[in-house]
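Undergrad: Mind looking at a prediction? Sequence and model below.
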Amino acid sequence: MAEAQGQGRMHVAVLGAGGIGCWLAARLALAGQRTSLLARGASLAAIREHGLRAAAVDGSTIGTCGAPALSVHGAAEEVDAGVGVLFVAVKTHQLAACVPQVAALLRRSPSALVVPMANGVDAHDVIARGLEESGGSADGVMGGIARSVVYISHSGTVVLERELGVAVGPIRACAPTCAQLDALRAVSRLLTDVARVSCELIETADAMRTALWTKFLVTGCLGPFSAAARAPVDVLMSTAETTAVVRALMEEMRDVGAAGGVRMPDGAVEDALAICARSPPGTTFSTTRDVLGGRPSELLEFCGVVVRLGRERGVPTPSHAQLLATLLPQERVARGELAYELRGV
Ligand SMILES: CC(C)(CO)C(=O)C(=O)O
C-alpha cells in the first residue's frame with residue numbers, strides 16, 4: 001500500500017476500454033499519471049497503434065495519450081506489479097467473466113484496491129463473490145460510482161460529453177483497514193487533484209449503498225424505459241403519461257432498496273425526477289444506446305435485479321416486470337439466444 005499513499009501518485013490500472021474506462025485512463029494519462037489499461041479486440045489494436053484519444057462532443061481533440069504514461073494490455077498478467085488501485089469499468093453483464101483478470105492482477109499486486117465503476121447496485125458483490133470462489137481474497141473490493149456522460153465514438157476515441165466525476169468508498173460488510181482507507185483517500189486526491197476527475201470520497205458502507213441506489217433510481221429505470229419508448233429523457237419528462245411511468249418505476253426501486261436496508265433520503269424520488277427533468281435535449285443512457293444499437297444491455301441487471309430483489313423482499317414491482325418483459329425479446333436477440341423476423345416492418 002506504500003505506493004498508494006506516496007505523494008498522491010500510484011500505479012493505476014483500468015480494466016475495460018468502454019466509455020468510462022477510457023475516460024478515466026485518458027484523464028489520468030494526460031496528467032502524466034502512470035496508467036495501465038486492459039483492453040481487447042478492436043480497442044486494444046486501435047489504442048496500441050494510435051494511442052487513446054479524448055475528444056469533445058464537437059469532435060475536437062482534447063488530448064491523445066500513449067507511452068510512457070499509458071500502457072495498454074490484453075491480459076492482466078502483462079501489467080507490472082505495484083498497482084495501487086484497479087478500476088473495473090465494464091458493463092454489469094460482463095463483470096463475472098472479467099473476475100479472472102482481476103484475480104490475475106491481484107496475484108501481482110495483492111494490496112491493490114478493486115473499485116468497480118459499473119452500473120447497478122451489486123458490482124462489488126459480483127466481483128467479491130467471484131474472487132472468493134476462485135480461492136482469492138476480496139478484502140480490497142470497494143464501491144465506486146461513475147457519473148460522467150462519456151462514450152466511445154469509434155475504437156480508441158472517447159467522447160467526454162459531461163464530466164460529472166466519480167465517487168469511491170467502502171461498501172462491503174467487513175470494515176476496510178486503516179491502510180485501505182488511506183489508499184481510498186489517496187485515490188480520491190489523485191483523481192481530483194491530478195487527473196481533474198472530481199472524486200467524492202464516501203466514508204461509510206451505508207452511505208455508499210445509498211449513493212449507489214440514488215444513481216440507480218435514475219439509470220436503472222430511465223435507461224431501459226427510454227429504449228422501450230424510443231425517446232430521450234427530456235421528452236419522457238415533458239410528457240405527463242411517461243413521467244407517471246418513470247415515477248412508478250422509481251418508487252418501486254426506492255421500496256425494494258428500503259426493504260433491503262438502504263436508507264434513501266425522504267424525497268429521493270422527487271429529487272431523482274427533478275434531476276431527470278433538467279436533462280439536456282436528446283439525453284440517453286448507455287442502456288438506451290445498447291438496446292437501440294442491438295447490443296447486449298444491462299436490462300437484466302437493472303429491471304431484472306429490481307424484480308428479483310422485489311420478489312425476495314416481498315415488494316411488488318409490476319412496472320419493472322412489465323418493462324423487463326417488453327425488452328426481453330430484443331435482449332435475447334442481442335445475446336444471440338433468439339432470432340425472429342418482424343414481417344412488414
Ligand atoms: C448516468 C451515466 C451516464 C453515468 O455514467 C450512466 O451510468 C449510463 O449512461 O449508463
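TA: Nice, I can see it.
Undergrad: In stretch 245-263, which of the residues would be classed as buried?
TA: Using 16 or more other CB atoms under 10 Å as the burial criterion, the residues of stretch 245-263 that qualify are 245-257, 262. Heads up, the C-betas are built off the backbone N, CA and C, glycines and all.
Undergrad: now the residues you listed as TSV including distance to Thr284, pLDDT and secondary structure?
TA: What follows is the buried residues of stretch 245-263, written out as TSV (distance: CB to CB, whole Å; pLDDT from 0 to 100; DSSP: H, G, I helix; E, B strand; the rest coil):
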residue	distance to Thr284	pLDDT	secondary structure
Val245	17	98	helix
Val246	14	98	helix
Arg247	20	98	helix
Ala248	21	98	helix
Leu249	16	98	helix
Met250	18	98	helix
Glu251	23	98	helix
Glu252	22	98	helix
Met253	19	98	helix
Arg254	23	98	helix
Asp255	26	98	helix
Val256	24	98	helix
Gly257	24	98	helix
Val262	26	96	coil
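Undergrad: Nearest to Gly144 among these?
TA: Distance to Gly144 across the buried residues of stretch 245-263 (CB to CB) is lowest for Val262, with 16.8 Å.
Undergrad: Spit out the contact partners of the most centrally placed residue in the chain.
TA: What sits nearest the mean C-alpha location of the chain, by CA atoms, centre = their mean, is Ala118, with 2.1 Å. Listed by CB atoms under 8 Å, 6 or more residues apart in numbering, the contact set of Ala118 reads 88-92, 95, 144, 146.
Undergrad: repeat that for 7 Å
TA: Going by CB atoms under 7 Å, 6 or more residues apart in numbering, Ala118 touches 88-90, 92, 95.
Undergrad: Okay, and which of these map to strands?
TA: Applying DSSP state E to the contacts of Ala118, the entries found in strands are Val88.
Undergrad: Adding pLDDT and distance to the ligand as columns, could you present the contacts of Ala118 in a markdown table?
TA: Compiled in a markdown table, these are given as follows (pLDDT from 0 to 100; distance: CB to the nearest ligand atom, whole Å):
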| residue | pLDDT | distance to the ligand |
| --- | --- | --- |
| Val88 | 98 | 14 |
| Ala89 | 98 | 10 |
| Val90 | 97 | 12 |
| Thr92 | 96 | 10 |
| Leu95 | 97 | 14 |
